[in-house]
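J.: need coordinates for the following:
(3 chains)
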Amino acid sequence: MHLSEILATLAANRFATASAILFVVGMAGMIFNRNLFKKVVAMGFMDSAVFLFLTSVGFVEGRLAPIVTDPSVPASAEVYSNPLPAGLVLTGIVVSVSFTAFSLALTMRLYKKYHSLDIDEIMMKSQRNED
Amino acid sequence: MRPFYENFPFFCIFLTMLCGIITTLIHDGKKARYVTIISLFLCAAMNATVFIMTAVKGVNFTYTMGAFPAPWGNELRSGPIEALLATVFCLVINFSLMGGKKDLELDVLPEKKNMYYIMMDLLAASLFALCYTNDMFTGYVFIEINTIAACSIVMAKDCGQTIVATIRYLIMSLVGSGVYLLGISILYSITGHLLMPNLFTAVNDIIFDPQLRYPLAVVAGMICIGLTVKSALFPFHTWLPSAHGSATSSSSAVLSGAVLKGYIILLIKIVCRVFTPRDISYLGAGYILFILGAAAMIYGSIWAVRETHAKRMIAYSSVAQIGYIYLGLGLCTTAGIAAAVFQIIAHAFTKPLLFVSAGGLIDASGHQKKLYYLRGAGWRCPSAGIGFTVGGLSMVGLPLLAGFVTKLVLGQAALAEGIPQWQMITALAAIGISSLLNAWYYLPAILQIWKTEDEPLGPNGEVYSEGRYTPSRPFKVAVACMCLLVLILGCAARPLMNILIQGVGLL
Amino acid sequence: MKTDNWFQRLVRWTNGDSKPLHEPQAHVEFPKKETPEAPEAPFEKGPSLLKSSAGEITNFSLMVVSMFCCGVLILVLLLTVAYLPRFGSSYNAPVNEVSQRYVEQGVQEVGATNLVTNIILVYRGFDTYGESCVLFLGATAVIMLMAIDRNNTTKKDLEELEETEKMESKNRNQIIRHVTMILMPIIFLYGLYILCNGHLSPGGGFAGGSILGGALILCETAFGVKKVHSFFNHKVYHIIKVGALILYAVLICYTIFVGANGLENIIPLGKPGSILSAGIILPINVAVGLEVACTMYAFYIYFGKGNL
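T.: As a prediction, the model looks like this:
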């Protein structure tokens, strides 16, 4: 595949491109950032990237949102776009909410105990308190 | 009208979930405990029924979750392997809860005990769902349930160290599940399906398509990496020793015995049912798993040799044992995968046995966790000592015990025809070196706990005399059952292996 | 520590005194334990390991390594994207018989005109049940961590909490209170509307529940914890949450069991498009909405006050 072809596809799949970059940024933030709060934010990035990608998969040019306006007429698949990815995104969002709350609670407890958000510092302090 | 036993996987999942939800209203920790244990024994019976019915007939069945069949609705699918593993998980969780009772009472505050059992119930439900699911996205949802419950049972012992361990575990897990979710999203965008049987046909159609082969290889890689991060394969294992080493003993036992395995089973199902083992090998993911598995076997053992903290030593040994599973899976043959499943079962009983007995020994030694202070602890609490000895010897690979059979079947799988020369040599070398290293750290530990010399034992010179410590009855029962199961697995390996090979064919 | 030859070490090893790779450390560790450590001093003074020059080098190399990893990963993913099917094309793989049936027969088979609701609550209802369990677990985990107990709270913390509570109740802003009085019923009504129309319009349990939860949170900020707790306390919270989840579980269990065994589903589907239609979807939406509202409020209150 030529570079120009690749670039053209990337431009056409612009949401997927954006989500690929966002995903890696979020993942790197989660792994390499030492600040716990920033890790949680990075987790939000990562999840949002996946949701962006899924939503873009569901879109079909020129079709409507999958809500039937007139139930007396049988719906045609040519009119409405794919409803499945929207359902998956909804599930994913709820999961991500609970995980954000959980990790923030953990962060808060650690901050209360060690007065720091830096994971390395917290680990050193907790090892010092061991046994 | 389908036979009634086919409903059992669905009953198990919902029974444990409902028990978890109802446990919210039971504020008494003791009652919550009974509810959990009884529901899990019920589930074990149901899963065992499914196992017997499917293994005898040599069949598997699909259970539609609702009125809509495969590409539209959710599905469960069960064969002998899934049912057997679900049974094993029930037993493991139950024995761990029974064995770790004393530690649990000490480590978890009474007003929060019922929440611990909620987590256990939902952990069990998610493990069943991971065993039985036939849908990639259901897999994702239950992976997340599993993660949150597993993290909560680590942090249930509410001290600074466990919370640090929990957040490290949580972050690594979330990276893993994020990668897995992106993997299945990409897979959905190129195939348009989420259920495994439909994905299988779709993947078969596109695997030799030059346009889609690259994304497919990336998807295979992402799913493998996502699930290996969560099951702590070698370069991603960093969270494991602290999480398993610092949690209360029944949590450590459940985490190493059941939770890690849940993800591996999902991976095995994806390897067999969405792709074929041959495809995985063709796309390159099989070799990666194989090499990482071999590396983990040696790396984990080396760190275990260097460790002086009893529970962390056992945790590092888990890293090595997970390597065995991936080594078998990475061979990408039926025999290799059957060996991996055997190792899952063997390890699922051996590791909780070790953790629970170590908990007993530590308890009998005034809560000193260094191996050095456990000298002679075997005499103070003989049941725990025997459990530790049996578990340790099984890990080392003493014949008649489960660990030996694992090494044997893995070796056989590596020696089979069609395996490349380098893979065979690597596998055998890894098994050999890892067994040696296992002996190197387990034997001294076992010798240490049976030491008879009288000398000051505690860090401040306290002496823990014999007979001062009496283990509870559930502890003894759990240790005895697990010892027995390790022995049975070691002696009756042939019929089980036959069932497993048949079951891998049915996957 | 005296050095000894390999034979003595072997003897010691068989006696169980030492680990082969290590000299017996335990003896060495005694004095370290007995000296009471100066708590946290080095961190407050600044020069910790991380800030030393050696630490800076590792930091720098870590940065380089992480940048490199990111670059490689981004390239891999971008190349994948380049091979993916075109955005928005109707010839893509996801536009297949699966989505066709969801669109064309969803209204007849399940009954809701919002096709996404059909999928998440009936076609793939098991997933969504799992998802609401994740929410339930999330709330339980937060309660497990943040609820006041002797591990995470000292007497001083409690006093401070009480102090802030007093301050807040004194200085409660009149404007917020009056605006809340006006807005409150509207928000509740809007939440209920979204909740009950989940099968007809965008919305449903999760969206409506968050709005209800938001209304509760607003109520708490305007009138204080005590006012809210007069109608929404610990007991009510648990009963609503457990009741909603059990209702949900029973409905979904019934649907799955009946569907899988080929029995007849006795729940009527109703006329598509009217409010009382779509079988189990309306009660499930209500149950989910209640659970989500409870969870949102619980997150808020446990993070702030540590007690419901």
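
J.: secondary structure element holding B:T147?
T.: helix B:136-155 (DSSP states H and E).

J.: does that helix reach chain A?
T.: Yes. Against chain A, helix B:136-155 shows contacts by CB under 8 Å from any CB of the partner chain at B:F137, B:V141, B:E144, B:T147, B:I148, B:C151, B:M155. Just so you know, the C-beta spots here come from the backbone N, C-alpha and C atoms, and that holds for glycine as well.

J.: find the closest residue to chain A in the stretch 251-400 of chain B.
T.: B:K369 (6.9 Å; CB to the nearest CB).

J.: burial count for that residue?
T.: 20 (other CB atoms under 10 Å in any protein chain shown).

J.: now B:N7
T.: 18.

J.: just want the phi and psi numbers for it.
T.: phi -80, psi -20 (degrees, to the nearest 10).

J.: so which of the residues of helix B:136-155 next to chain A is the closest to chain C?
T.: Looking across these and measuring by CB to the nearest CB, the closest to chain C is B:V141, at 3.9 Å.

J.: let me see the contact set for the residue nearest to the closest one when sequence neighbours are not counted.
T.: Leaving aside its chain neighbours, B:V141 sits nearest to C:G130 (3.9 Å; criterion: CB to CB, 6 or more residues apart in numbering or on different chains). Going by CB atoms under 8 Å, 6 or more residues apart in numbering or on different chains, C:G130 touches B:S126, B:A129, B:T138, B:V141, B:F142, B:I145.

J.: from the residues you listed, which would you call buried?
T.: For the contacts of C:G130, a burial check counting by 16 or more other CB atoms under 10 Å in any protein chain shown picks out B:S126, B:A129, B:T138, B:V141, B:F142, B:I145.

J.: relative to chain A, which of those residues is nearest.
T.: Nearest to chain A among the buried ones among the contacts of C:G130, with distances taken as CB to the nearest CB, is B:V141, at 6.4 Å.

J.: I'd like the next helix or strand past the helix or strand where B:I225 lies.
T.: Here B:I225 sits within helix B:210-230, counting by DSSP H and E. Downstream of helix B:210-230, the next assigned helix or strand under DSSP H and E is helix B:240-246.

J.: mind listing residues that contact that next one?
T.: Helix B:240-246 is contacted from outside by B:154, B:157, B:161-162, B:164-166, B:168-169, B:232, B:252, B:255-256, B:303, B:307, B:309, B:311-312, B:314-316, B:318-319, B:355, using CB under 8 Å, 6+ apart.

J.: using CSV, write out every CA atom in it.
T.: What follows is helix B:240-246 as a C-alpha-only set of coordinates in CSV (Å, rounded to 0.1, in the frame of the first residue of the first chain):
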residue,chain,number,x,y,z
LEU,B,240,0.7,-9.9,40.9
PRO,B,241,3.2,-10.4,43.8
SER,B,242,2.1,-7.4,45.8
ALA,B,243,-1.6,-8.1,45.2
HIS,B,244,-1.5,-11.8,46.0
GLY,B,245,1.2,-11.4,48.7
SER,B,246,-0.5,-8.8,50.8
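
J.: that older thread, so the helix holding B:I225, near chain C or not?
T.: Yes. Using CB under 8 Å from any CB, we find that helix B:210-230 touches chain C at B:Q211, B:L212, B:Y214, B:P215, B:V218.

J.: circling back: these two touch, right, the residue of the stretch 251-400 of chain B closest to chain A and B:H309?
T.: Yes. The pair B:K369 / B:H309 is scored as a contact, 5.5 Å apart, by CB atoms under 8 Å.

J.: need the residues of chain A near chain B, please.
T.: A:23, A:26-27, A:30-31, A:36, A:39, A:43, A:46-47, A:49-50, A:53-54, A:57, A:84-85, A:88, A:91-92, A:95, A:98-99, A:102-103, A:106-107, A:109-110, A:113-114, A:119, A:122-123, A:125-127, A:129-131.

J.: can you tell me which of those are buried?
T.: By 16+ other CB under 10 Å, the residues of chain A next to chain B give A:23, A:26-27, A:30, A:36, A:39, A:43, A:46-47, A:49-50, A:53-54, A:57, A:84-85, A:88, A:91-92, A:95, A:98-99, A:102-103, A:106-107, A:109-110, A:113-114, A:119, A:122-123, A:125-126 as buried.

J.: mind checking which of those land in helices?
T.: A:23, A:26-27, A:30, A:36, A:39, A:43, A:46-47, A:49-50, A:53-54, A:57, A:84-85, A:88, A:91-92, A:95, A:98-99, A:102-103, A:106-107, A:109-110, A:113-114, A:119, A:122-123, A:125-126 (DSSP state H).

J.: rewinding a little: from the buried ones among the contacts of C:G130, pick the one nearest A:S19.
T.: Distance to A:S19, by CB to CB, is smallest for B:V141 among the buried ones among the contacts of C:G130, at 20.6 Å.

J.: surely the closest one and C:E131 touch.
T.: Yes. B:V141 is in contact with C:E131 according to CB under 8 Å; the separation is 5.7 Å.

J.: and the residue most central in space within chain A, what is it in contact with?
T.: Computing the C-alpha centroid of chain A and ranking residues by CA atoms, centre = their mean puts A:D47 first, at 1.3 Å. The contact partners of A:D47, by CB under 8 Å, 6+ apart, come to A:G26, A:G92, A:I93, A:S96, B:G178.
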